[in-house]
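[1] Have a look at this fold, sequence not included:
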């Protein structure tokens with residue numbers, strides 16, 4: 001019974017650790033974008049991964065940063081350990097305490113401290129700042145692994161070699177280093193893994209166009225993580241697993257044989273010596289492979305520093321543009337596009353406001369653009385460079401002109417509404433007509449999903465109560481919070497991008513969703529329908545804007561002009577399934593979709609809707625305080 005419990009406990013621990021990874025690997029071969037349904041085996045996500053320049057760029061960035069940071073921190077950390085061993089006991093303790101602080105410190109504190117330090121010394125954020133930051137936080141992990149091995153080795157053999165005429169460097173390389181090599185390898189692998197896995201420090205210290213896998217995945221919150229990321233994660237897991245197996249098990253086996261021979265006072269057998277030499281060669285091969293990989297992955301950056309012609313730096317939501325369009329623009333104009341990504345307007349705004357990173361073009365939400373205009377963070381657009389602006393639907397330009405007179409600062413990219421997606425097999429067709437239906441106890445049996453978004457969630461209650469969706473009146477907001485709190489027992493979950501998957505897989509029957517998700521969901525489950533409630537909703541626009549510190553304004557305008565071409569608009573619609581405010585593109589869209597009012601609402605429906613506006617800093621603080629009351633309940 002005791003042995004059974006031990007095995008059962010071990011199985012539970014292994015399942016807890018590896019079941020998520022196994023799930024990810026399985027989903028990377030699933031012939032659907034939805035996580036909850038298996039639709040057959042496919043390799044297309046791996047094909048898409050290797051043909052997607054943005055993913056490949058993030059993959060190369062991740063490996064380059066991790067390998068370079070690991071190699072440098074391993075060399076510096078090993079040398080530092082030798083220096084630490086030469087210190088007095090008091091000095092040694094003081095240095096070790098100092099090196100241990102980053103291990104105990106929260107990553108967010110380290111990240112903010114590095115960001116402030118770069119700003120204080122006037123250092124612009126770039127690839128170099130990310131590498132420096134990674135080396136900084138990897139060093140303690142190397143020291144933690146190498147120093148115990150160095151203590152175990154002692155100085156006897158080193159001093160004996162010197163007595164026999166060896167130089168200190170020769171004695172270290174041929175006597176000490178082979179003995180501490182397991183610790184050096186462990187330090188290198190730990191540094192590599194920590195760097196590979198990092199998000200927080202990279203997020204705060206990266207410059208324009210520097211995306212790693214972690215930042216790329218995080219930036220895809222707006223439109224949902226695509227299965228190509230599952231494929232990429234699987235490839236990385238396999239690479240790391242192979243490196244760990246080769247670097248740990250073979251050398252460890254050879255080391256145990258050597259230690260056993262020493263204890264028994266005998267020499268290693270020829271076969272054991274051969275295995276030890278093989279283990280050393282494998283170790284050397286891994287180091288050599290790491291160095292070669294760093295050199296190969298560094299070549300694009302060396303080429304960039306040597307000058308690669310005209311470039312525009314583009315800041316966009318994650319996975320919010322067809323990669324083929326960027327390739328087509330580069331081929332047509334000879335201008336390189338370096339794209340960086342973010343997840344929400346709230347995370348994008350402080351980057352633009354801080355000014356440490358310079359972008360030529362940004363996609364932002366309309367109410368955030370109002371804030372950018374007020375704070376003079378963006379500049380007027382020269383329509384002489386954008387003849388395709390004539391393709392834009394005048395009605396949408398008129399809507400935007402209410403907050404941007406003369407349409408000086410923003411050009412619409414996509415637009416949409418917020419509504420209710422529901423399953424017609426669970427809920428009769430036509431049953432959903434009002435936001436009040438999300439408070440219906442009978443419908444709650446099927447599972448109700450609400451957005452986890454301050455403005456969108458508050459909007460629903462505001463419209464039910466008959467208030468303006470841009471209200472900041474404390475009394476009205478308290479009523480909004482009370483109404484939402486009364487709904488909480490009926491809500492299955494508050495979620496954003498994962499809501500569509502729950503409804504597609506019928507884990508939930510209805511929920512709030514952006515209209516752009518409707519066609520995607522319908523393609524996965526034909527039993528779904530989308531409704532704009534009778535009280536109205538928010539009509540939102542994502543627009544192109546040019547920051548005031550843009551270095552290539554003309555290049556950015558050329559890119560906007562390219563994206564406003566009818567064919568480019570069609571490619572954008574097919575990729576995102578979000579409505580495009582382009583009259584020329586509308587003529588190319590399939591008539592059945594064009595007449596679907598769930599995708600392209602009628603003017604009568606739009607007349608019931610309103611837009612979010614920037615309410616000012618004080619009003620934002622008021623809204624945030626009431627949101628905390630609601631979510632903290």
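    Arrived safely, thanks for sending. Keep in mind that this is a model prediction, so the values were computed, not measured.

[2] Quick one: the strands in the stretch 401-550 of the chain, in order.
    With DSSP state E, counting those that start in this stretch applied, the stretch 401-550 of the chain shows strands at 411-423, 448-450, 491-494, 510-514, 528-531, 539-547, listed in chain order.

[3] Make a markdown table out of these and add distance to residue 396.
    Just so you know, the C-beta spots here come from the backbone N, C-alpha and C atoms, and that holds for glycine as well. Listed next are the strands of the stretch 401-550 of the chain as a markdown table, based on distance: least, C-beta to C-beta, whole Å:
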| stretch | distance to residue 396 |
| --- | --- |
| strand 411-423 | 6 |
| strand 448-450 | 28 |
| strand 491-494 | 31 |
| strand 510-514 | 17 |
| strand 528-531 | 20 |
| strand 539-547 | 7 |
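
[4] which sections of the stretch 151-300 of the chain are below the confidence cut-off?
    The stretch 151-300 of the chain contains residues with pLDDT under 70 at 157, 220-224, 243-244, 246-300.

[5] Could you list the domains of this protein?
    1-31, 54-304, 311-409+542-597, 417-538+622-631 (automatic domain parsing).

[6] Show me how far the longest one is from its chain's centre.
    When distances are taken as C-alpha atoms, centre = their mean, to the nearest Å, domain 54-304 is centred 23 Å away from the chain's centroid.

[7] export the strands of the stretch 401-550 of the chain to a markdown table and tack on mean pLDDT, mean neighbour count and distance to residue 350?
    Below are the strands of the stretch 401-550 of the chain laid out as a markdown table (pLDDT from 0 to 100; neighbours: other C-beta atoms under 10 Å; distance: least, C-beta to C-beta, whole Å):
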| stretch | mean pLDDT | mean neighbour count | distance to residue 350 |
| --- | --- | --- | --- |
| strand 411-423 | 95 | 24 | 22 |
| strand 448-450 | 95 | 24 | 27 |
| strand 491-494 | 93 | 17 | 25 |
| strand 510-514 | 93 | 25 | 24 |
| strand 528-531 | 94 | 21 | 34 |
| strand 539-547 | 95 | 24 | 13 |
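
[8] of the ones you listed, which approaches residue 180 most closely?
    strand 539-547 (50.3 Å; C-beta to C-beta).

[9] helix or strand right after the closest one?
    helix 553-563 (DSSP states H and E).

[10] list the helices and strands that next one packs on?
    Contacts defined by 3 or more C-beta pairs under 8 Å, 6 or more residues apart in numbering; DSSP states H and E place helix 553-563 against strand 311-317, helix 323-333, strand 361-365, strand 539-547, helix 566-576.

[11] Dump the ones you listed to CSV, plus distance to residue 104.
    Output for the helices and strands packed on helix 553-563, formatted as CSV (distance: least, C-beta to C-beta, whole Å):
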stretch, distance to residue 104
strand 311-317, 34
helix 323-333, 41
strand 361-365, 37
strand 539-547, 38
helix 566-576, 44
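
[12] Can you tell me which of those is nearest to residue 92?
    Residue 92 lies closest to strand 311-317 among the helices and strands packed on helix 553-563, at 46.5 Å (C-beta to C-beta).

[13] That closest one vs helix 553-563, what angle?
    Angle, strand 311-317 to helix 553-563, by axes from the mean of the first three to the mean of the last three C-alpha atoms, to 10 degrees: 60 degrees.

[14] closest to residue 31 out of the helices and strands packed on helix 553-563?
    helix 566-576 (18.8 Å).

[15] List of residues touching that closest one?
    Contacts to helix 566-576, defined as C-beta atoms under 8 Å, 6 or more residues apart in numbering, come from residues 223, 320-322, 324-325, 328, 391, 413-414, 516, 562-563, 578-580, 582, 584-585, 587-589.

[16] Give the next helix or strand downstream of it.
    Following helix 566-576 toward the C-terminus (DSSP H and E): helix 583-586.

[17] tell me what that following helix is packed against?
    By 3+ C-beta pairs under 8 Å, 6+ apart, helix 583-586 packs against helix 566-576.

[18] Going by neighbour count, which residues in the helix it packs on are buried?
    Applying a neighbour-count criterion of 16 or more other C-beta atoms under 10 Å, one finds 566, 568-573, 575-576 buried in helix 566-576.

[19] now, among these, which is nearest to residue 447?
    residue 576 (26.7 Å).

[20] mind listing the strands for the stretch 251-400 of the chain?
    Using DSSP E, counting those that start in this stretch, strands in the stretch 251-400 of the chain cover 311-317, 336-342, 361-365, 378-379.

[21] Could you tell me the least trusted of those strands?
    Mean pLDDT is lowest for strand 336-342 among these, at a mean of 87.

[22] Off-centre distance for that strand?
    For strand 336-342, the distance to the chain centre is 13 Å (C-alpha atoms, centre = their mean).

[23] before we move on, back to that, specify the stretch among the domains of the chain that is closest to residue 607.
    Among these, domain 417-538+622-631 sits nearest to residue 607 (C-beta to C-beta), with 8.6 Å.

[24] for that closest one, how far is the first residue from the last?
    Taking C-alpha to C-alpha, to the nearest Å, domain 417-538+622-631 runs 24 Å from one end to the other.

[25] same check, this time on stretch 313-322
    End-to-end distance of stretch 313-322: 16 Å, with C-alpha to C-alpha as the criterion.

[26] And stretch 499-510, by the same measure?
    9 Å.

[27] thinking again about what came up before, in JSON lines: the domains of the chain, plus distance to residue 46.
    Supplementary listing: the domains of the chain in JSON lines, determined by distance: least, C-beta to C-beta, whole Å:
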{"stretch": "domain 1-31", "distance to residue 46": "7"}
{"stretch": "domain 54-304", "distance to residue 46": "5"}
{"stretch": "domain 311-409+542-597", "distance to residue 46": "16"}
{"stretch": "domain 417-538+622-631", "distance to residue 46": "21"}
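
[28] Look up the residues forming beta bridges with the nearest residue to residue 410 once chain neighbours are set aside.
    In this structure, residue 410 finds its nearest non-sequential neighbour in residue 543, 3.8 Å apart by C-beta to C-beta, 6 or more residues apart in numbering. For residue 543, the beta-bridge partners under DSSP bridges are residue 364, residue 412.

[29] what sits against residue 543?
    Per C-beta under 8 Å, 6+ apart, neighbours of residue 543: 363-366, 369, 400, 410-413.

[30] What is the nearest of the residues you listed to residue 184?
    Nearest to residue 184 among the contacts of residue 543, with distances taken as C-beta to C-beta, is residue 363, at 45.6 Å.

[31] Would you mind measuring from that closest one to residue 149?
    51 Å (C-beta to C-beta, to the nearest Å).

[32] Neighbours of residue 440, how many?
    As a burial measure, residue 440 scores 16 neighbours (other C-beta atoms under 10 Å).

[33] Who are the contact partners of the nearest residue to it once chain neighbours are set aside?
    Nearest residue to residue 440, sequence neighbours excluded (C-beta to C-beta, 6+ apart): residue 490, at 7.8 Å. Residues near residue 490 by C-beta under 8 Å, 6+ apart: 438-441, 444, 448.
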